[in-house]
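Asks: For reference, the sequence and a predicted model appear below.
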Amino acid sequence: MSRVLHRVSVEGPTGRLSVLRTADDRPGVPLVLLHPINSAAVVWEDVAARLDRPVVAPDLRGHGNSGRTGPFTVEDGYVPDVLAVLDALGLNEAHLAGGSLGGTIGVALAALHPRRVRSVATFGSTLGTGVPAEAIAAMVGELEAAGTAGYFAGQVPEIVGREHRYSARVREVMAEAVGTRPTSVVAEILYGAFGADIRHLAGKVATAGIPVLAVAGTEDPTCPPAMSRELAEATGGAAKELEGTGHLPMLEETGQVADLLRDHLARADGNS
């Protein structure tokens, strides 16, 4: 599949943000694709190739080719990053779609800046995991013992659906996305992500009338369907399940994710 995204850099609140974007003159309101934590924008490349509108996919702070300065939190870190990308690229509004914490970030941005957001789609996302601090500390201990690349090489087969555990494409893309970042940075990201909770913001999305689609894989062990149903209910959105899919649907079921996005965005544009 031909590559449709090209890399540019913009200045973020705490340093450089590396961004993949379509370079051709596609029509329509842009779609901003937000990656799961401890991955990068490249996880969305195959989906972007199947879409027919402008696409922007940033590496969030601490990820990919972007700067590594925190805080690695939703409201004070990642939301300002996405706003900086929108401003730098001259985008007054956009559709947002995110995987895992990327979807959580999209919901938070819609709540805090509703005029900038046309719709939100989430894939394997949650309003808050509820993981206790001692469990996060255990993750960090395993990370420090294995190193960044080794830790996630072991994690990826555990979080995807059974049929995708031996997918070469999933392994290759995730290895590139994870990279070899210092474990100290990754540890901060883990604490920020698993400690995040945006339940206090979700109702604002419903009040603003922003369409939300919350998708979950039936075999997602990290953010199971119940979490997506809670997100959909709190935001006034719709919930959808992908059978046999785990926590990385953009890599596991690329075609289905592209189809879901295409339909969701068409409905949102039609109702605007």
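Replies: Received, thanks. This structure is a prediction, so every number in the text was calculated from the model and none was measured. Numbers count the residues shown, from 1 in each chain.
Asks: Going by C-alpha atoms from here, please, whenever you check contacts or count neighbours.
Replies: OK.
Asks: could you pull out the helices for the stretch 1-150 of the chain?
Replies: Counting by DSSP state H, counting those that start in this stretch, the stretch 1-150 of the chain has these helices, from start to end: 45-48, 79-88, 101-112, 133-146, 148-159.
Asks: Over to the stretch 151-272 of the chain?
Replies: Using DSSP H, counting those that start in this stretch, helices in the stretch 151-272 of the chain cover 168-178, 183-194, 199-208, 225-235, 249-252, 254-271.
Asks: Reformat those as TSV; add mean pLDDT.
Replies: Formatted as TSV, the helices of the stretch 151-272 of the chain follow (pLDDT from 0 to 100):
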stretch	mean pLDDT
helix 168-178	97
helix 183-194	97
helix 199-208	97
helix 225-235	98
helix 249-252	98
helix 254-271	96
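Asks: Tell me which of these sits most buried.
Replies: Neighbour counts (mean count of other Cα atoms under 10 Å) averaged over each of the helices of the stretch 151-272 of the chain peak at helix 249-252, with a mean of 24.
Asks: so which of the helices of the stretch 1-150 of the chain comes closest to Lys204?
Replies: helix 101-112 (5.1 Å; Cα to Cα).
Asks: I'd like the distance from that closest one to the chain centre, please.
Replies: Distance, stretch centre to chain centre, for helix 101-112: 9 Å (Cα atoms, centre = their mean, to the nearest Å).
Asks: if we can go back for a sec, between the helices of the stretch 151-272 of the chain, which one is nearest to Glu11?
Replies: Of all the helices of the stretch 151-272 of the chain, helix 183-194 sits nearest to Glu11, with 19.9 Å by Cα to Cα.
Asks: Identify the residues contacting the closest one?
Replies: 37-38, 62, 68, 72-74, 101, 128-131, 133, 136, 140, 143-144, 147-148 (Cα atoms under 8 Å, 6 or more residues apart in numbering).
Asks: Just the buried ones from the residues you listed?
Replies: Neighbour counting by 16 or more other Cα atoms under 10 Å classes 37-38, 62, 68, 72-74, 101, 128-129, 136, 140, 143-144, 147-148 among the contacts of helix 183-194 as buried.
Asks: Show me which of these is closest to Ala196.
Replies: Of the buried ones among the contacts of helix 183-194, the one sitting nearest to Ala196 (Cα to Cα) turns out to be Gly128, at 5.7 Å.
Asks: The residue minimising distance to the centre of the chain and Val186, how far apart?
Replies: For the chain, Gly102 is the residue whose C-alpha lies nearest the centre (Cα atoms, centre = their mean; 2.5 Å). Relative to Val186, Gly102 is positioned 16 Å away (Cα to Cα, to the nearest Å).
Asks: do Glu93 as well
Replies: 31 Å.
Asks: Just list the residues touching Pro224, thanks.
Replies: By Cα under 8 Å, 6+ apart, Pro224 lies in contact with 124, 216-218.
Asks: same thing with Val140?
Replies: Applying Cα under 8 Å, 6+ apart, we find Val140 in contact with 187, 190.
Asks: pLDDT value on it, please?
Replies: pLDDT for Val140: 97.
Asks: Same question for the one 5 residues further on.
Replies: Listed pLDDT for Ala145 reads 97.
Asks: what's around it, how many residues?
Replies: Using other Cα atoms under 10 Å, Ala145 has 12 neighbouring residues.
Asks: follow-up on the earlier one: JSON lines please, covering the helices of the stretch 1-150 of the chain and showing distance to Tyr191.
Replies: Formatted as JSON lines, the helices of the stretch 1-150 of the chain follow (distance: least, Cα to Cα, whole Å):
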{"stretch": "helix 45-48", "distance to Tyr191": "27"}
{"stretch": "helix 79-88", "distance to Tyr191": "17"}
{"stretch": "helix 101-112", "distance to Tyr191": "12"}
{"stretch": "helix 133-146", "distance to Tyr191": "6"}
{"stretch": "helix 148-159", "distance to Tyr191": "15"}
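Asks: deepest of those helices, which one?
Replies: helix 101-112 (a mean of 27).
Asks: what residues does stretch 50-60 touch?
Replies: Contacts of stretch 50-60 (Cα under 8 Å, 6+ apart): 5, 17-22, 24-35, 40-41, 44, 48, 65-66, 78, 81-82, 85, 255, 258, 262.
Asks: Buried subset of these as a PyMOL selection?
Replies: Per 16+ other Cα under 10 Å, the buried members of the contacts of stretch 50-60 correspond to this PyMOL selection:
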select buried, resi 5+17+18+19+20+21+22+29+30+31+32+33+34+35+40+41+44+48+65+66+78+81+82+85+255+258
